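Peer 1: Got a sequence here, can you build the structure:
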Amino acid sequence: MIDRIIGDSAGAPPGSKLSFDPDQGAFGGFFIARAGRSWPDLLGMLVAAAWIALVAWATANAVQASWWLVPVSLPFWATGLVVGHQILRSVTENQTIVAREDGLEIRKRSAVGKATETIAYRDIEDIGMEMEIPLNPVATFRFMNRTEKEGRVKRAVPRVVIRHRALKSRVAEHVSEAEMRWLSDALGRVVRHAVGK
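Peer 2: Okay, here's the model as predicted:
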């Protein structure tokens, strides 16, 4: 039954990080494997580690001079920790989208945390792709590296976006454009079937 709903999208692109399980939830579930490590990720982790080491050295020297200089280092600590957190999250994150009876459940799990979001079918306005300039620079480098090999370079990267109640939920940030198109189309068909359109 679910294969008829998804139609032409029954199989993800060859070598895909996406998989579909018709037995999850009421209308199936989509699993998006982690991005894995690439040279932009490793370079980003190295830069974040070097940044934190430099800030630790500067803070240790500032403590010897005066304790009043330590608060000056706090923004630098925060920058290093936030960048390191973003890189670690993007490299280790798995995503699962389960089509339940009443809505989509989006689960994101990584080495640094987990999040679950439920979106009722009646609240979903559109599922599509948008071009965005991501806040995470490593995601931009990962995508630019992939598009350079194809002979085209973009600064903005595509995202699968689920629009609901004036909000946007982004999924499958680290897969190819073909995989994003497949997921966007398959999710759209599942949602249309669930709401009876």
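Peer 1: can we go C-alpha only for contacts and neighbour counts from here?
Peer 2: OK.
Peer 1: and D41, how many neighbours?
Peer 2: For D41, the neighbour count with other CA atoms under 10 Å is 21.
Peer 1: Wait, it touches I87, no?
Peer 2: Yes - counting by CA atoms under 8 Å, D41 touches I87, with 6.6 Å between them.
Peer 1: what about M45, distance to I124?
Peer 2: 36 Å (CA to CA, to the nearest Å).
Peer 1: got a list of what R107 touches?
Peer 2: Neighbour list for R107: Q95, T96, I97, K114, A115, T116, E117 [criterion: CA atoms under 8 Å, 6 or more residues apart in numbering].
Peer 1: what's the farthest-apart pair in those?
Peer 2: Spanning the widest gap among the contacts of R107 are I97 and K114, at 13.7 Å by CA to CA.
Peer 1: between these two, which one's more packed in?
Peer 2: Remark: of I97 and K114, I97 carries more neighbours, 24 against 13, as counted by other CA under 10 Å.
Peer 1: Beta-bridge partners for that one, please?
Peer 2: F30, I106 (DSSP bridges).
Peer 1: start the count at 284, not 1, going forward
Peer 2: Happy to do that; since the first residue is 284 now, the last one works out to I380.
Peer 1: before we move on, which element is the most centrally placed residue in the chain in?
Peer 2: Centroid-nearest residue in the chain, with CA atoms, centre = their mean: E456, separated by 3.7 Å. Counting by DSSP states H and E, no helix or strand carries E456.
Peer 1: ok, back up a step: which of the contacts of R390 lies closest to W340?
Peer 2: Out of the contacts of R390, the member with the shortest distance to W340 (by CA to CA) is K397, at 32.3 Å.
Peer 1: How about the secondary structure of the closest one?
Peer 2: strand (DSSP: H, G, I helix; E, B strand; the rest coil).
Peer 1: now swap in the one 5 residues further on and tell me
Peer 2: The three-state label given to I402 by three-state DSSP is strand.
Peer 1: Tell me the helix or strand right after the helix or strand bottoming out on mean pLDDT in the chain.
Peer 2: When the helices and strands of the chain are scored by mean pLDDT, DSSP states H and E, helix 285-289 comes last with a mean of 52. Following helix 285-289 in sequence order, the next helix or strand is strand 301-304 (DSSP H and E).
Peer 1: Strand partners (parallel or antiparallel) of that next one?
Peer 2: Per DSSP bridges, strand 301-304 is paired in its sheet with strand 312-315 (antiparallel).
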